[in-house]
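Enquirer: Sequence and predicted structure are below.
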Amino acid sequence: MDYTRRDLALAYLKAHRMPEFGPTPPESLAARLKTHHEELLRGLRHLFGFSLEGEPALRFFFNSVAHSYRSNTHPLSGMLEGGLLYKRVEGTGTLEVCEELAGLHRQSQERHVDLAEMILALAKPDNGEIVTSEQLKAIGVDDEEPTDPDFEWY
């Protein structure tokens, strides 16, 4: 896989630390995804030669964008099984509004990535660099996102 500046921006957003609601077992998918995003960001930052450390104002703004990205949800976010709810509200127009909000959520997430990419470009202009999976593997970063075939989040 090839990674661009946009992928670097997305890696920053996904690795942004958020307050945790409780302990997460290290073998859980949530914990493995968190580690994966942090490692991918570390590798991409290294290979792109990029850091926001010398840019306190941009780092502050970027952290605000990242927090907004990570906390941005819609009414059905995280709902794994909504069968009973769907049956109860079927035919009321409620699900259509939820789907509209989900679409706006997807648009908002894309615009957050756009904004993050713009902030990174202010810190260091994009010269069209591309980082590959092979380069990441060479520095010890596995870019394969962990999955849970049993769909057990925790």
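Expert: That came through, no problem.
Enquirer: looking at this structure, which helix or strand does the model trust least?
Expert: Across the helices and strands of the chain, mean confidence by mean pLDDT, DSSP states H and E is lowest for helix 83-89: a mean of 83.
Enquirer: Counting by contacts, list what the next helix or strand after that helix packs against.
Expert: Sequence-wise, the next helix or strand downstream of helix 83-89 (DSSP states H and E) is helix 94-123. Applying 3 or more CB pairs under 8 Å, 6 or more residues apart in numbering; DSSP states H and E, one finds that helix 94-123 contacts helix 5-15, helix 56-71. For glycine as for every other residue, the C-beta is placed from the backbone atoms N, C-alpha and C.
Enquirer: Counting neighbours, show which residues of helix 94-123 come out buried.
Expert: 95, 98, 101, 105, 112, 113, 115, 116, 117, 119, 120, 123 (16 or more other CB atoms under 10 Å).
Enquirer: Tell me the spacing between the residue lying farthest from the centre of the chain and residue 101.
Expert: No residue in the chain sits farther from the centre than residue 91, which is 33.7 Å out by CA atoms, centre = their mean. Using CB to CB, to the nearest Å, one gets 18 Å for the distance from residue 91 to residue 101.
Enquirer: and what of residue 12?
Expert: According to CB to CB, residue 12 stands 26 Å off from residue 101.
Enquirer: repeat for residue 69
Expert: Counting by CB to CB, the gap from residue 69 to residue 101 is 17 Å.
Enquirer: Who are the contact partners of residue 82?
Expert: Contacts of residue 82 were listed using CB atoms under 8 Å, 6 or more residues apart in numbering, and they are residue 76.
Enquirer: going forward can the numbers begin at 19, since that is how I track them
Expert: From this message on, residue numbering opens at 19, which makes the last subject residue 100.
Enquirer: quick one: pLDDT of it?
Expert: At residue 100, the predicted lDDT confidence score is 75.
Enquirer: Low-confidence bits of the chain, can you list those?
Expert: Regions of the chain meeting the criterion pLDDT under 70 cover residues 98, 168-172.
Enquirer: let's see 80
Expert: By pLDDT under 80, the low-scoring segments of the chain are 38-42, 96-101, 167-172.
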